[in-house]
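> Predicted coordinates and the sequence they were generated for:
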Amino acid sequence: MTCIVGLVHDGVVYMGGDSAGVTGYDIATRADEKVFTNGDFIMGFTTSFRMGQILRYSFDPPEQSVKKDDMKYLVTDFIDNVRNAFSDAGFLSKDDGVEEGGTFLFGYKGSLYQVDSDFQIGRPLDKFAAIGCGGQIAMGAMYASKNNPDPITRITQALEAAEAFSAGVRRPFIVLKFTPEEEDVE
């Protein structure tokens, strides 16, 4: 299920997602969004709606110490708190001592990151990423539209391409533009 697309444009993180909920051959259109903000973060998830609910409503992002740069903070304090939130909610799984969660994108301080199921954090060099069953289709659309200056159009077209060629992607699409300053105003 799912297609989540993230893009950094002029120092702002944009993220869009579809509304499909898929189990086996069954698909439902969900009203609960896969893309949302949480404090200084914009997030979009695949893997499990439960995981997304934990990230949105139970996870409390820790404050960043001035002694840690962004990446050190993210791979230590941030991801440790994600793992703890998953564990506390019964979502974290272990196999032979190895913890596993799920896959999600997030934006922080104008950069885009991807968390994989083993909790590694990656930062795409191309300043865009897509995950979910429609992710590779959306990546192709993002690459093909690299000369388009409108980030919302690019993300929407990538989601449309994923919907056209993946059975697990469905409208409506939610596309958000996020900077932490906008969050503080509300």
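Everything's here; your move.

> so which strand or helix has Ala162?
Using DSSP states H and E, Ala162 sits in helix 151-165.

> Quick check: which helices or strands does that helix pack against?
Applying 3 or more CB pairs under 8 Å, 6 or more residues apart in numbering; DSSP states H and E, we find helix 151-165 packed against strand 4-9, strand 12-17, strand 128-131, helix 135-144, strand 174-178. C-beta here means a position set from N, CA and C on the backbone, and glycine is covered the same way.

> which residues are contacting it?
3, 5, 7, 9, 12, 14-18, 128, 130, 132, 134-135, 137-142, 145, 148, 169-171, 173, 175, 177 (CB atoms under 8 Å, 6 or more residues apart in numbering).

> Can you report how many residues lie near Leu7?
When neighbours are counted by other CB atoms under 10 Å, Leu7 registers 27.

> That one contacts Met142, correct?
Yes: using CB atoms under 8 Å, Leu7 makes contact with Met142 at a distance of 7.0 Å.

> where in this protein is pLDDT low?
Counting by pLDDT under 70, the ranges of the chain that qualify are 180-186.

> Show me whatever sits in contact with both of Leu7 and Met142.
Contact with both Leu7 and Met142 is made by residues Phe128, Arg154, Ile155, according to CB under 8 Å, 6+ apart.

> Can you give me every residue that contacts the nearest residue to the last one once chain neighbours are set aside?
So the one you mean is Ile155. Nearest non-adjacent residue to Ile155, counting by CB to CB, 6 or more residues apart in numbering: Gly16, 4.1 Å away. Contacts for Gly16 were tallied using CB under 8 Å, 6+ apart; they are 4-5, 35, 44, 152, 155-156, 158-159, 173-176.

> at 6 Å instead, please
Contacts for Gly16 (CB atoms under 6 Å, 6 or more residues apart in numbering) come out as Val5, Ile155, Leu159, Phe173, Val175.

> Show me what it is bridged to.
Val5, Val175 (DSSP bridges).

> hmm, back to that, most neighbours, which of the shared contacts of Leu7 and Met142?
Most neighbours among those, by other CB under 10 Å: Ile155, with 30 neighbours.

> measure that residue to Arg170 for me?
Going from Ile155 to Arg170 by CB to CB, to the nearest Å gives 16 Å.

> I'd guessed Thr103 sits against Ala129; true?
No: taking contacts as CB atoms under 6 Å, Thr103 lies outside contact range of Ala129: 10.5 Å.

> and the residue lying closest to Gly134 once chain neighbours are set aside, how far is that from Thr46?
Leaving out its chain neighbours, the residue that sits closest to Gly134 by CB to CB, 6+ apart is Ala162, at 2.9 Å. As judged by CB to CB, Ala162 and Thr46 stand 12 Å apart.
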